[in-house]
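# return atomic coordinates for the entry below.
(chains A and B)
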There are 2 protein chains.
Amino acid sequence: MTGVAALADSRFLRACRGLPVDRTPVWFMRQAGRSLPEYHRARGDTTLLEAVARPELVTELTLQPVRRYGVDAAVLFSDIVVPLEAIGFGVDIVAGTGPVMERPFAGRADLARLRPPDGEDLAHVNEAVRLLVDELEVPLIGFAGAPFTLASYVIEGGPSRHHPRTKALMLGDPGLWDDLTERLADLAIASLGQQVAAGATAVQLFDSWAGCLSPDHYRRFAAPASRRVLAAVGELGVPAIHFGVGTGELLADMAVGADVVGVDWRVPLDAARARLGQSVAVQGNLDPAACLAPWEEVATEARAVLAANGRRPGHVFNLGHGVLPETDPAILERLVDLVHHEGLSAEP
Amino acid sequence: MTGVAALADSRFLRACRGLPVDRTPVWFMRQAGRSLPEYHRARGDTTLLEAVARPELVTELTLQPVRRYGVDAAVLFSDIVVPLEAIGFGVDIVAGTGPVMERPFAGRADLARLRPPDGEDLAHVNEAVRLLVDELEVPLIGFAGAPFTLASYVIEGGPSRHHPRTKALMLGDPGLWDDLTERLADLAIASLGQQVAAGATAVQLFDSWAGCLSPDHYRRFAAPASRRVLAAVGELGVPAIHFGVGTGELLADMAVGADVVGVDWRVPLDAARARLGQSVAVQGNLDPAACLAPWEEVATEARAVLAANGRRPGHVFNLGHGVLPETDPAILERLVDLVHHEGLSAEP
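You can find the predicted model right below:
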């Protein structure tokens, strides 16, 4: 087999579909990035948005962790705010802070500043995807920000701990909230559609801030727009991974329309599976901070993750959140080996 | 009845004991502070640590919300790092950042820098407590930081999102970790003992960062030292409120030795009670960010909290975390009235 047919039989895509695999697949959120010395050498002093605009550089940064670690999937080097920047919303990414909006979303008039990106807006991203799928022997994961998380960025104007303006808007003006999140769903759908058309064979929807919501608020204010994105991904024929942190109470709701649900280390995988039901796979869930401990402790923690999954098919090993910048790459190399050697799933 | 006997029959202390009350008691974490104009007038440009060192000012700041809101308990104006500062560990509180350690805890030699504060170290705090209990007609809540949360502050050197050094130490050197958290438990026990001796009639143990731990790590690395603090409070004869955020998976463990468990808005109170069992009361759990919405929405949210509790005794109404600085005090005034009028518990 070659190309797409071989990828469909890859252990990563099989695990996403809940099918038996020879070894547990593993990749790491933020595997491309600040923890790698070759990343710093390749990126130099280009800003993140400058780097994303250069397809050859994106290709190199995306390939680096695949070469070094032998992970079972690549994840496009990009950021969830890239489509916002591409349509001219006015976004900067400030080192040490994160995305900052030049003019935060302040009311109905700002809806006009939001539209789905077209192929020209995201030409640089789509070109990087094409270059990557020519090179890669493992699946490429594309991604987008979920409407709630993007809404918080555009309303707060940057990363927020308590999301005060976001919650005040969603409770105080639910009509405007729905219009905003529908526009952000369209933005995610367009962005993911283009990544898949260019060759991405799985996507992850990042609802990084969803864990700040009560279950009732999640169902009313976040789930509807996210489900529309997940349904659109379903029609593209690639698996959708639905990711958040601190979402223990939201897992069953996040499973609707998803093929895989990301679980953080706060919920052991056996407890997560009990909430998620049989029809979805799980991704996770080693604590990224545990990777800063000596190797023997990392190994013990990783084995505990595998044991909590209990050799059930439908497990993609990952951290519960992104690789921390201070992580020693040698630890992640050993972690991939451990998962591949000890994470053998049940025989097909 | 007067004095302590009257307080013992107060609705706040009765609710902490799980006893029936005439109306649901309510107070707000950070009710004394930045959301009040009279707070800014009284504090002027004194730093937080300078303010804490002036018992008359602490008394005024602690009384302000009791006067304005008619809440059912006062909470001492202070900070969980005050005992660390009092023993000379070297702490500054930086506006906009939080507590910053001059020399973070870096290894076994730093254990010698940690000891329980004595009555002289905390003379200013204890004097404020004495002044307050002379003035107050409602119970005064004293507090301390739980060993895990204090350990993160002293190891990371300040507030931390991912607690990398803390987790690396606890996994990599559990012997040193135990020694450190035992010292911090002794510090909390001494501080709480003095506050109760001076007249505080309830205490809250703040494990603000515990929600970053997996259940297994919480049980191994946080619970043992916290339980020693809670047991010591039990011997003082005052109720202990055990507080954290993002602790949905930890509630049953946090209930051991506690009279009341703080629950944030991520877990509805009926679900929380199912995990906590019958023997503890609950405190919470309105989302502080919901208080930034128009009043009608705040009222709807508050009624949902009361409904989830279902008129069971043993409910102290509170926010799930501290009052946000941008909160309109008029909203909190109306919230206290709503809880007092609609939060009637079952008849005794």
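# tell me which helix or strand A:Tyr39 sits in.
Assigned by DSSP states H and E, A:Tyr39 belongs to helix A:37-43.
# next helix or strand past that helix?
Next helix or strand after helix A:37-43 toward the C-terminus (DSSP H and E): helix A:48-52.
# what does the stretch 201-348 of chain A put close to chain B?
With the criterion set to C-beta under 8 Å from any C-beta of the partner chain, the stretch 201-348 of chain A comes near chain B through A:211, A:213-217, A:246, A:248-249, A:265-268, A:271, A:287-290, A:292-294, A:297, A:301, A:304, A:321, A:324, A:326. For every residue, glycine as well, the C-beta is placed using N, CA and C.
# now list the buried members of those.
Among those, the ones that count as buried by 16 or more other C-beta atoms under 10 Å in any protein chain shown are A:211, A:213-215, A:217, A:246, A:248-249, A:265-268, A:271, A:287-290, A:292-293, A:297, A:301, A:304, A:321, A:324.
# can you pull out the low-pLDDT segments for the stretch 1-150 of chain A?
Residues of the stretch 1-150 of chain A that meet the criterion pLDDT under 70 lie in A:1-5.
# point me to the residue of it nearest chain B.
A:Gly98 (11.3 Å; C-beta to the nearest C-beta).
# where's that residue relative to A:His163, distance?
Per C-beta to C-beta, to the nearest Å, A:Gly98 is found 14 Å from A:His163.
# which one of the two is surrounded by more residues?
A:His163 (23 against 15; other C-beta atoms under 10 Å in any protein chain shown).
# show me what contacts the more buried one?
Contact partners of A:His163, counting by C-beta atoms under 8 Å, 6 or more residues apart in numbering or on different chains, are A:Ser152, A:Glu156, A:Trp209, A:Cys212, B:Ala289.
# packing partners for the longest helix anywhere in chain A?
Ranked by number of residues, the top helix in chain A under DSSP state H is helix A:174-197. Counting contacts by 3 or more C-beta pairs under 8 Å, 6 or more residues apart in numbering or on different chains; DSSP states H and E, helix A:174-197 packs against helix A:82-86, helix A:123-135, strand A:140-145, helix A:147-156, helix A:164-172, strand A:202-206, helix A:223-236.
# of those, which approaches B:Gly175 most closely?
Between B:Gly175 and the helices and strands packed on helix A:174-197, the shortest gap by C-beta to C-beta is with strand A:202-206, which sits at 38.8 Å.
# so what strands line up beside that closest one?
Applying DSSP bridges to the sheet, strand A:202-206 is found paired with strand A:140-145 (parallel), strand A:240-243 (parallel).
# can I get the ones you listed in a markdown table including mean neighbour count and distance to B:Leu332?
Below are these laid out as a markdown table (neighbours: other C-beta atoms under 10 Å in any protein chain shown; distance: least, C-beta to C-beta, whole Å):
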| stretch | mean neighbour count | distance to B:Leu332 |
| --- | --- | --- |
| strand A:140-145 | 25 | 33 |
| strand A:240-243 | 27 | 35 |
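# I'd like these as JSON lines, with distance to A:Glu50 appended.
Formatted as JSON lines, the strands paired with strand A:202-206 follow (distance: least, C-beta to C-beta, whole Å):
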{"stretch": "strand A:140-145", "distance to A:Glu50": "20"}
{"stretch": "strand A:240-243", "distance to A:Glu50": "26"}
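# tell me which of the ones you listed sits nearest to B:Arg41.
Smallest distance to B:Arg41 across those (C-beta to C-beta): 42.3 Å, for strand A:140-145.
# now what about that closest one, what contacts it?
Under C-beta under 8 Å, 6+ apart, the answer for strand A:140-145 is A:27, A:62, A:73-76, A:78, A:80-81, A:83, A:129, A:132-133, A:153, A:184, A:187-188, A:191-192, A:195-196, A:199-208, A:229, A:241.
# count the neighbours of A:Ser78 for me.
As a burial measure, A:Ser78 scores 26 neighbours (other C-beta under 10 Å).
# do the same with the one 4 residues further on
Applying other C-beta under 10 Å, we find 25 other residues in the vicinity of A:Val82.
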